[in-house]
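> Sequence and predicted structure are below.
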Amino acid sequence: MRLLAWALLALSAASPATAALNPAEQRMAATVTAEQPRTIALLERLVNQNSGSQNIPGVEAVAQMVRAELQPLGFTVRWIPLKETGRAGHLVATKTGKRGTKKLLLIGHLDTVFEPDSPFQRWTLEGNRGHGPGAADNKGGVAVIVAALRAMQAAGTLRQANIEVLLTGDEEDPGTPLDLARRDLIAAGKRADAALDFEGLAQENGRDMGSVARRSVADWTLSVTARGAHSSGVFSAGTGYGANYELIRILDAFRRELPEDKLTFNVGLIAGGTSAKLDAGKIRAEVAGKTNIIAAQAVARGDLRALSLEQVARVKAKMQAIVAQKLPGVLAAELSFEDGYPPMAPTAGNLTLLARLNAVNADLGMPAMAALDPVKRGAGDISFVAADVDGLVGLGPASSGDHTADERVDIPSISRQATRAAILMTRLSQERAR
Ligand SMILES: [Zn+2]
């Protein structure tokens, strides 16, 4: 208590800009600062417990550690096992507050890309950087959630807040079928009035950026079959062009006709010849062909990233129209899609949430956060709720080297983000739900 009072005093004396904060908000800022050593100690414990997406007991162990943090704050914590999807499951923590006020959904994940066979397993503190597997992605984000909620508790603003925390156990490598693996997250989105995603804070030229959108990802497969014949007849009316020319005609038309803002499409694999077949994992092809035989089979795979459902639908229709214009001799050309992550479009509601965050920044004496170009942001779990609820991305810490053995979390950004989150969540949770 004395430490807290001192921190409060130090904060108000040192930063006159925080005078715009009310006493509860000043108390939250001071609590985050005073508890930073506790937060870092929690992060160290989370990182030192391996939780690769496929390490089911490891993900469960991290969930237990988070449960022990949230239950004392008044949350009802549920574990949803999802072994039938090949993954551990999700942790859902709910807290009911004042009736009729906005319900917040906090999104993060328990798993990392580092499985138990990775040599990268331990946390080390290197000055202002914490080096470790998941130090930022996303255990740093989980630490921010806990720090922010504890600050709200200390300031007395948690009691009246309606909050649901959903931490998936398979963000890095989702279970299958995806419908089942994301069922509970989608349902939580439908219950919420605002969704906050605690994945990494984006920075540009050293400035913190706000994220209001993420692009979708869908994989596509193009398969062509054509009349195979002696090469001497190629281009003739009776024999036609073969599968390879058709595949290339289609891909070249994609390249020339599809480009538009915020859209990318990649061709990751091509095979064509007298026979061309994908393996079960669709990452290899068995292909054979001869110089003097017109190709009968060709296949290509790639991905498509877009910003809105409208853009996805429109581009898919354009692609199908290109595929439908067959060259002579083509028996069939088929384009199929496997949807992965849906888009999170930069809606007016999302931009309003960023404006609310920037009001918090102004009151903290921090610069406003500009909206990041969504092309610079990968897909994430919040995308699954984006169709149902306004959301803000990137409330976790800043970092470098995510998904590699160089993953380092920026320690000062943990308290900065927890302070912003605690104040933003308090303000939102005091508003009436629509
Ligand atoms: Zn990740």
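Perfect, thanks for sending it.

> Could you use CA atoms for every contact and neighbour count after this?
OK.

> contacting residues for Arg434?
102, 193 (C-alpha atoms under 8 Å, 6 or more residues apart in numbering).

> I meant Gly134, not that one.
47, 111-114, 140, 402-403, 407.

> what about Gln153, which helix or strand?
Here Gln153 sits within helix 139-155, counting by DSSP states H and E.

> Name the residues of that helix that are buried.
139-155 (16 or more other C-alpha atoms under 10 Å).

> Kindly report the same for stretch 364-374.
364-366, 368-372, 374.

> can you give me how far it is from the chain middle?
19 Å (C-alpha atoms, centre = their mean, to the nearest Å).

> Show me what the mean pLDDT comes to for that stretch.
Per-residue pLDDT over stretch 364-374 has a mean of 96.

> mind checking the end-to-end distance for that stretch?
Length of stretch 364-374, first residue to last, C-alpha to C-alpha, to the nearest Å: 26 Å.

> Mind listing residues that contact it?
Against stretch 364-374 from outside (C-alpha under 8 Å, 6+ apart): 15, 17-18, 20-21, 202, 207-215, 262, 307, 354, 358, 361-362.

> Please apply the same query to stretch 406-415.
Contact with stretch 406-415 is made by 32-33, 36, 128-136, 140, 143-144, 147, 396-402, as judged by C-alpha under 8 Å, 6+ apart.

> returning to that earlier point: of the contacts of stretch 364-374, buried ones?
18, 21, 202, 208-215, 307, 354, 358, 361-362.

> The longest strand seen in the chain: what's the following helix or strand?
Of all the segments assigned as strand in the chain under DSSP state E, the longest by residue count is strand 330-341. For strand 330-341, the following helix or strand on the C-terminal side (DSSP H and E) is helix 348-363.

> Filter the contacts of stretch 364-374 down to just the ones in strands.
Taking DSSP E as the definition of strands, the contacts of stretch 364-374 contribute 202, 207-209.

> Mind listing the strands the longest strand of the chain pairs with, and their directions?
Sheet pairing of strand 330-341 (DSSP bridges) gives strand 217-226 (antiparallel).

> Buried residues, the helix or strand immediately after the strand it pairs with in the chain. List them.
Per DSSP H and E, the first helix or strand lying C-terminal to strand 217-226 is helix 242-257. For helix 242-257, the neighbour count (16+ other C-alpha under 10 Å) marks 242-247, 249-251, 254 as buried.

> can you list the residues you listed in JSON lines and add pLDDT and distance to Leu180?
Shown next, in JSON lines, are those (pLDDT from 0 to 100; distance: C-alpha to C-alpha, whole Å):
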{"residue": "Gly242", "pLDDT": "97", "distance to Leu180": "41"}
{"residue": "Ala243", "pLDDT": "98", "distance to Leu180": "38"}
{"residue": "Asn244", "pLDDT": "98", "distance to Leu180": "38"}
{"residue": "Tyr245", "pLDDT": "98", "distance to Leu180": "40"}
{"residue": "Glu246", "pLDDT": "98", "distance to Leu180": "38"}
{"residue": "Leu247", "pLDDT": "98", "distance to Leu180": "35"}
{"residue": "Arg249", "pLDDT": "98", "distance to Leu180": "38"}
{"residue": "Ile250", "pLDDT": "98", "distance to Leu180": "34"}
{"residue": "Leu251", "pLDDT": "98", "distance to Leu180": "34"}
{"residue": "Phe254", "pLDDT": "97", "distance to Leu180": "33"}
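
> So which of those residues is the closest to Gln26?
Gln26 has its nearest neighbour among these in Phe254, at 54.8 Å by C-alpha to C-alpha.

> In space, what's closest to the closest one - neighbours in sequence excluded?
Met319 (6.8 Å; C-alpha to C-alpha, 6 or more residues apart in numbering).

> my guess is that neighbour is in a strand, correct?
No. Counting by DSSP: H, G, I helix; E, B strand; the rest coil, Met319 is not found in a strand; it is helix.

> any idea how far it is from Leu149?
Met319 is 47 Å from Leu149, where distance means C-alpha to C-alpha.

> Any idea how many residues pack against Ser236?
Per other C-alpha atoms under 10 Å, the neighbour tally for Ser236 reads 11.

> How much space separates it from Pro328?
Counting by C-alpha to C-alpha, the gap from Ser236 to Pro328 is 9 Å.

> what about the helices in the protein?
Ranges of helices in the chain, per DSSP state H, are 2-14, 23-34, 36-48, 56-70, 139-155, 178-181, 183-191, 242-257, 309-324, 348-363, 411-429.

> What residues of stretch 98-114 count as buried?
101-114.

> meant to ask about stretch 39-48, not that
Per 16+ other C-alpha under 10 Å, stretch 39-48 contains these buried residues: 39-40, 42-44, 46-48.

> Could you do stretch 193-204 as well?
193-202.

> List the contacts of that stretch.
102-108, 136-138, 141-142, 144-145, 189, 208-211, 372, 382, 385, 389-399, 433-434.

> just stretch 313-320 next, same as before
Against stretch 313-320 from outside (C-alpha under 8 Å, 6+ apart): 254, 258, 335.

> which residue is nearest the middle of this structure?
Taking C-alpha atoms, centre = their mean as the criterion, Gly380 is the residue nearest the geometric centre of the chain, at 1.7 Å.

> Against Leu185, how distant is it?
Gly380 is 12 Å from Leu185, by C-alpha to C-alpha.

> Likewise for Ala288?
45 Å.

> Have a look at these two and say which one is more surrounded.
Leu185 (21 against 14).

> Could you tell me which residues make contact with that one?
Counting by C-alpha under 8 Å, 6+ apart, Leu185 has contacts 166, 384-385.

> Tabulate those residues in TSV, adding columns for distance to Asp219 and pLDDT.
Below are the contacts of Leu185 laid out as TSV (distance: C-alpha to C-alpha, whole Å; pLDDT from 0 to 100):
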residue	distance to Asp219	pLDDT
Leu166	27	98
Phe384	17	97
Val385	20	97
